[in-house]
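1. sequence first, then the predicted structure:
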Amino acid sequence: MQRIGVFVCWCGSNIAATVDVEKVARVLSQEPGVVYSTDYQYMCSQAGQEMIQEAIREHRLTGVVICSCSPRMHEATFRKTVEKAGLNPYLLEIANIREHCSWIHKDKLTATEKAVILGRAAIAKVQLNAPLTAGKSPVTKRALVIGGGIAGIQTALDIAEAGFPVDIVEKKPTIGGKMTQIDKTFPTLDCAACILTPKMVDAAQNENIDILSYAQVEKIQGFVGNFTVTIRKKARYVDENKCTGCGLCTEKCPQKKIPNEFNLGLDNRRAIYIPFAQAVPKVATIDPNHCAMLQKGKCGVCAKVCTAGAIDYKQQDQLITREYGAIVAATGFEPISMDKFDEFAYSQSPDVVTSLEFERLMNAAGPTGGTLLRPSDGTHPHTLVFVQCVGSRCDGGEKGKSYCSKICCMYTAKHAMLTREKYPDTEVYVFYIDVRTPGKSFDEFYRRAVEEYGVHYIKGMVGKVTPQDGKLKVQASDLLGGRQLHIDADMVILAAAIEPDKSARPLATMLTASMDTNDFFTEAHPKLRPVESPTAGVFLSGACQGPKDIPETVAQASAAAAKVIGLLVKDSLTCNPCTAQPDELMCNGCSSCEKVCPYGAITYADKPFRGPNRTTRIRRVAQVNPAVCQGCGACTVACPSGAMDLLGFSNKQIMAEVDAICR
Amino acid sequence: MQRSVIETAASLLETGVCTRVLGWKTGEFFYDVTPAVFTSAEEVRKDMVFTPFCGANLSKYLIAESRKEGKIAVFLKPCDTFSFVQLQKEHRICRENVYAVGVQCPGMSDPDALKALGLKGLTGCVQEGDTLRVDTLYGEKAVPLADALSLRCRGCKSKRLHDCDAIIGTQGKDLQTSRFAQVEALEAMTAEERFAFWRKELSKCIRCNACRNVCPACSCETCVFDNPDSGVQNKAAASSFEENLFHIIRAFHVAGRCTDCGECTRVCPQHIPLHLLNRKLIKDMNTLYGVYQAGADFETKPPMLAFTLEDPEASIITQGRNGQ
């Protein structure tokens, strides 16, 4: 006979304000098998936990139901509590009467009724719970960082510093990411390259770090502590070990008219190229779409001029498979496409540029050598109009993004200030919805732009930009002045919203990590676990989790590294005992479960079974590796005969819950 | 055709290619044909038939038969070969113990269709090209084959014989037929009309389990309906709604594995168009995940057991009630 204890938590007023907790405890005490039922202000407090333990001992409880917050919050806490009182931790069930009930209901009667039903379902389930014992699995002491921007570099450096080997996979030919394209950084105005490139070199020289540039993650298998990752290292047609990065080939290559991605197409590069002088690894890469040798089989100039003999036109993509204990996503961001914002004439005039393009135009290593010149005619611009929130904070989110891109207010202030400082003969206008400057020395920075540098900040949006007679006619509204403005501008700079890199979505699928509707990775807890993904062993670094500026990115990158180190120092991890278990007598051996298993936990064995009339039949039956199984339950659904069941979440237990709810 | 089938079977036994032959023999009436295992050439010549009523799909019997001592020869019509391949995909048949003979098929006839044409006292029947010559107590009648075909054969999906060691007749091709027309007609109904339609049809069910026992996809070691732990175990329906759900649960269990062989409808003594449930699921899967034919090959991953990034995330939540 089961002896079940029910503990209803008030969670202060979080639950008690909407749910009549005393009534819930009273009603549930009448359920079959329940021998003890009570309520308390904070079950998770020391006193609350002691109360549970005392009840287990005093009433010789065989199962415990706690009606409280989500099991994601305190299941681990309460499992420890009951274990200390001598009960198997898996004889505990939690009815979520906070997130699933009190927080979403206003009417106390309805909420109380629902809380009772949820409690009843948990009681029905706990009746069928069986004691489970967790096993151990080893930890591979190596980390993988996906993305080699400032976030990935910082995470990798910190992990390597702690003594663990770490690989950086970067899809571009060089690490460095977006920060390499930025000219100066706010609010201190130090040069981005000057602070970033030493870190890139550090990463390259650190013996614990292996940089896999021009590479992409192709397949991820396994689970926390035991990931197996297949990485495709794309053919760059240059032997990385031989190339000295002298750059001679990049000067002699006859294919000259290829838009240079590093300068966002503002100038051209050759078919063989090194993205920029401080690239890491400083190795040339052949663009196979434009190389005459690879396309038509004729040319071979680079191979002729290369004194190191590094050119290899026959190089093939290489598949590398490695084992990792932890994976960090650091895939970063991209500015959104300006296609849907034709009112700003981005596609009509080369003098309408995005802010990242403007960074290149201001950069000493950029296409203009750092002199601000109009892309259309190379003349010096006198009137510049900055438009903020292009694609950010858009209603409905159809045209742009509903969120604030966070970094635009500050970099626009930086651009305006730098323009005025270098070229005092310019008039600079900034159109904004709001200027958002929370952050250390941020507001002072913005005020300097307005007060010291005389930048014209105008609250209102630009309605239309029309290229006319070499000028850009800007129509805008000044909301505070209540008037329409017409400005003849030489250049218009659009603060394009930022979005997650396109590679993030397929990566999330491979990682089984969750994403929000904007394709930013979701954190395990928005406040308390901001650098962990809900998927164990997967961590988040930088703007792939949400828009961030550089200091925030670096802070989060180091935080993610700390979490990875915390995982890698462990020798073994406690496995989840809630794994799949096949009933061999019912198994057809059809392989359905094997096909759906995302972890590769299922194999098959031919086993002898007793047939009719004392005969022996050899049958093919499924075998689950409990160290690899993560208990997702996909196999239990796919199994046509119902032979596969999940310990702790058996079909019977789930049906008992459903029955209890429908009673 | 009948002669070459019988002769092939007899010579396979005589030459020792196989020790047993899985084929058909007549039962009580000439149109009442049942599957049978023959162990000698004499038996084959005496009892084996291949008539327009050999509708039975023999592939399912191979699950047990292919695990016995010695090789077994089996005769399979094109639609049966889909089940044959599908069962191999599920590792249910020991292929090395099977000698598969594909028999090209003009479409199988339905005795009820003949009776519906007003023919009484059937005593025999021979197919000649597009005509069926039917002997009755009241004399001989010629019936166009198309009028005598069973419902499933009117929407024949393929004349292709898959994975056969020998072929009698000619290898055929996949056909373009409007086999989903009836499903579309059901989809066009309102939810209430459709509910009424299925309640009417399914309430005829007597839970004889013939559909389950004949279905090549329903070959579990222990059927969920026989498993006391499954929560859906029942031999006879306790309420009228239960037998309705029996068929729906069964349709979902075979989804992605059903080759649309139509055996369920053929054997139903209550004439419930059960294959329409399976066809609806096939049609939906084709729409959502791309055209897939169970048993058409060994390689293609079944849509219900495969995931691609392009998969639509269709669910009851996005679809809503009444398909809105």
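-> Received it, and whenever you're ready, just let me know what you need.
2. low-confidence regions, the stretch 1-150 of chain B specifically.
-> Nowhere does the stretch 1-150 of chain B drop to pLDDT under 70.
3. okay, strands next: where are they in it?
-> With DSSP state E, counting those that start in this stretch, the ranges of strands along the stretch 1-150 of chain B come out as B:20-26, B:33-38, B:48-49, B:72-76, B:98-103, B:122-128, B:131-136, B:139-144.
4. tabulate the ones you listed in JSON lines, adding columns for mean neighbour count and distance to B:Leu245.
-> No exception for glycine: its C-beta is placed from N, CA and C like everyone else's. Listed next are the strands of the stretch 1-150 of chain B as JSON lines, based on neighbours: other C-beta atoms under 10 Å in any protein chain shown; distance: least, C-beta to C-beta, whole Å:
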{"stretch": "strand B:20-26", "mean neighbour count": "22", "distance to B:Leu245": "34"}
{"stretch": "strand B:33-38", "mean neighbour count": "18", "distance to B:Leu245": "30"}
{"stretch": "strand B:48-49", "mean neighbour count": "19", "distance to B:Leu245": "38"}
{"stretch": "strand B:72-76", "mean neighbour count": "25", "distance to B:Leu245": "33"}
{"stretch": "strand B:98-103", "mean neighbour count": "23", "distance to B:Leu245": "36"}
{"stretch": "strand B:122-128", "mean neighbour count": "15", "distance to B:Leu245": "37"}
{"stretch": "strand B:131-136", "mean neighbour count": "18", "distance to B:Leu245": "39"}
{"stretch": "strand B:139-144", "mean neighbour count": "12", "distance to B:Leu245": "39"}
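5. phi, psi for A:Val8 please.
-> phi -100, psi 120 (degrees, to the nearest 10).
6. any idea how far chain B is from it?
-> Relative to chain B, A:Val8 is positioned 29 Å away (C-beta to the nearest C-beta, to the nearest Å).
7. show me what that residue is bridged to.
-> With DSSP bridges as the criterion, A:Val8 is bridged to A:Asp39, A:Cys67.
8. and the strands of the stretch 1-150 of chain B as TSV, adding distance to chain A?
-> Formatted as TSV, the strands of the stretch 1-150 of chain B follow (distance: least, C-beta to the nearest C-beta, whole Å):
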stretch	distance to chain A
strand B:20-26	18
strand B:33-38	17
strand B:48-49	28
strand B:72-76	17
strand B:98-103	17
strand B:122-128	37
strand B:131-136	38
strand B:139-144	41
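9. format those strands as a markdown table; extra columns: distance to A:Asp519.
-> Below are those laid out as a markdown table (distance: least, C-beta to C-beta, whole Å):
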| stretch | distance to A:Asp519 |
| --- | --- |
| strand B:20-26 | 55 |
| strand B:33-38 | 56 |
| strand B:48-49 | 63 |
| strand B:72-76 | 50 |
| strand B:98-103 | 50 |
| strand B:122-128 | 62 |
| strand B:131-136 | 62 |
| strand B:139-144 | 61 |
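10. domain parsing for chain A?
-> For chain A, automatic domain parsing gives the domain ranges A:4-126, A:143-229+A:317-330+A:510-568, A:248-305, A:334-499, A:580-647.
11. rank those domains by pLDDT, which is bottom?
-> Lowest mean pLDDT within those: domain A:580-647, at a mean of 90.
12. is any residue of it near chain B?
-> Yes: counting by C-beta under 8 Å from any C-beta of the partner chain, chain B has neighbours in domain A:580-647: A:585-592, A:595-596, A:604, A:617, A:619-620, A:638, A:640-643.
13. write the ChimeraX selection for whichever of those are buried.
-> Selecting only the buried entries of these in ChimeraX, with 16 or more other C-beta atoms under 10 Å in any protein chain shown as the criterion:
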select /A:586,587,588,589,590,591,592,595,596,604,619,638,640,641,642,643
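14. please flag which of the residues of domain A:580-647 next to chain B sit within helices.
-> Applying DSSP state H to the residues of domain A:580-647 next to chain B, the entries found in helices are A:592, A:595-596, A:638.
15. quick one: which of these is nearest chain B?
-> When those are compared for distance to chain B (C-beta to the nearest C-beta), A:Lys595 wins out at 4.1 Å.
16. bridging residues for the residue nearest the centre of chain A?
-> Central residue of chain A (C-alpha atoms, centre = their mean): A:Phe521, 3.2 Å from the mean position. Using DSSP bridges, the bridge partners assigned to A:Phe521 are A:Met515.
17. distance to A:Leu319 for the ones in helices among the residues of domain A:580-647 next to chain B - can I get that in a markdown table?
-> Below are those laid out as a markdown table (distance: C-beta to C-beta, whole Å):
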| residue | distance to A:Leu319 |
| --- | --- |
| A:Ser592 | 28 |
| A:Lys595 | 23 |
| A:Val596 | 25 |
| A:Ala638 | 29 |
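18. follow-up on the earlier one: the residues of domain A:580-647 next to chain B in strands, which ones?
-> A:604, A:617, A:619-620 (DSSP state E).
19. who touches the residue lying closest to A:Thr18 once chain neighbours are set aside in this structure?
-> Closest residue to A:Thr18 apart from its sequence neighbours, by C-beta to C-beta, 6 or more residues apart in numbering or on different chains: A:Ser102 at 4.1 Å. A:Ser102 is in contact with A:11, A:14-15, A:17-19, A:111, A:115, counting by C-beta atoms under 8 Å, 6 or more residues apart in numbering or on different chains.
20. A:Ser102 and A:Asp312: what is the separation?
-> Shown here: A:Ser102 relative to A:Asp312, a distance of 66 Å by C-beta to C-beta, to the nearest Å.
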